[in-house]
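Trainee: sequence first, then the predicted structure:
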Amino acid sequence: MANTHLYSLLVLFLLVLAFKFLLPTGKKRKNLAPSPPSIPIIGHLHLLKQPIHRTLENLSTIYGPIVFLRFIASTNYGDHWRNLRRICAIEIFSSSRLNSSSGIRRDEIKQLARRLQQVSSNGFSKVELRSMFTDLTFNIVMRMIAGKRYYGEDVNLTEEANTFKETMKEYADLGGLTNLADVFPIFQCVDCNGFVRKCVGLGERMDLILQGLIEEHRRDKDRNTMINHLLTLRAGFSAGILHGRRT
């Protein structure tokens, strides 16, 4: 079975080489930055090795500060993506929005300092900071988004928090895997190792969590959270469309 896959990849590789060098191309690349040698289909994907920043530093040392790299992943860039980028820049990551949640960050840092004080109250003791910093980061993000804390010892929403943490762990586990079809499009019709099925199931569970948070905020509109802010923007946008249709 392994030999069959190997032969298939070799045949595919030869076909790509044939199309690349024997068929005429309608346009030529001009004025591009220096580029390292690439491989058909996957481009420069094979060059991305951990740690990524060291790899990019080595490439810039050889080819200069601007390097042209090709990857297989792409998406259509149109009005929808431009609108999402504008919303992220202005309504989510703007200085005013981040400053409005500075109290949340201060409060979570105080709680972290309090936990460290409790651990060391009886003398010197070892502390595993990675998990504490993970709790700190997730709690800051979730309080900014939904006004809830899911991590730490003083969490009240135990069942909801456990569901969220399990989903995040599965998301992290899947993020470390590679779908063969993403690298070799010829395998898109095959769900290798159930990767697509797992992603679909994870997406459905994530949708349930997010939809539950949205419904909560639709009932309670007084929370100073990102979800309520985006719901307000959506209501204003919808009202503007209706007004435009009427006029």
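Mentor: Thanks, I have it. None of these values were measured; they are calculated from a predicted model. Residues are numbered from 1 along each chain as shown.

Trainee: now for the strand or helix carrying Glu159, which elements pack on it?
Mentor: Taking DSSP states H and E as the criterion, Glu159 maps to helix 158-175. Secondary-structure packing of helix 158-175 (3 or more CB pairs under 8 Å, 6 or more residues apart in numbering; DSSP states H and E): helix 195-219. Every C-beta, even on glycine, is put in place using the N, C-alpha and C of the backbone.

Trainee: list the buried ones in the helix holding Glu159?
Mentor: Ala161, Thr163, Phe164, Met168, Glu170 (16 or more other CB atoms under 10 Å).

Trainee: and stretch 56-76, average pLDDT?
Mentor: Confidence for stretch 56-76, expressed as mean pLDDT, is 78.

Trainee: between the buried residues of helix 158-175, which sits nearest Lys110?
Mentor: Nearest to Lys110 among the buried residues of helix 158-175, counting by CB to CB, is Ala161 at 20.4 Å.

Trainee: residues touching that closest one, list them.
Mentor: Each residue near Ala161 by CB atoms under 8 Å, 6 or more residues apart in numbering is listed here: Arg149, Tyr150, Tyr151, Val155.

Trainee: cool, and Thr134?
Mentor: Tyr151.

Trainee: what helix or strand does it sit in?
Mentor: Per DSSP H and E: Thr134 is located in helix 129-146.

Trainee: buried residues, that helix. List them.
Mentor: Neighbour-count burial for helix 129-146, counted by 16+ other CB under 10 Å, picks out Met132, Asp135, Leu136, Phe138, Asn139, Ile140, Met142, Arg143, Met144, Ile145, Ala146.

Trainee: cool, stretch 55-71 as well?
Mentor: Neighbour-count burial for stretch 55-71 flags Leu59, Val67, Leu69 (criterion: 16+ other CB under 10 Å).

Trainee: Serialize the residues you listed to CSV and add fields for distance to Leu47 and secondary structure.
Mentor: Listed next are those as CSV, based on distance: CB to CB, whole Å; DSSP: H, G, I helix; E, B strand; the rest coil:
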residue, distance to Leu47, secondary structure
Leu59, 7, helix
Val67, 10, coil
Leu69, 8, coil
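
Trainee: now, among the contacts of Ala161, which is nearest to Leu112?
Mentor: Distances from Leu112 to those, taken by CB to CB, are shortest for Tyr151, at 10.8 Å.
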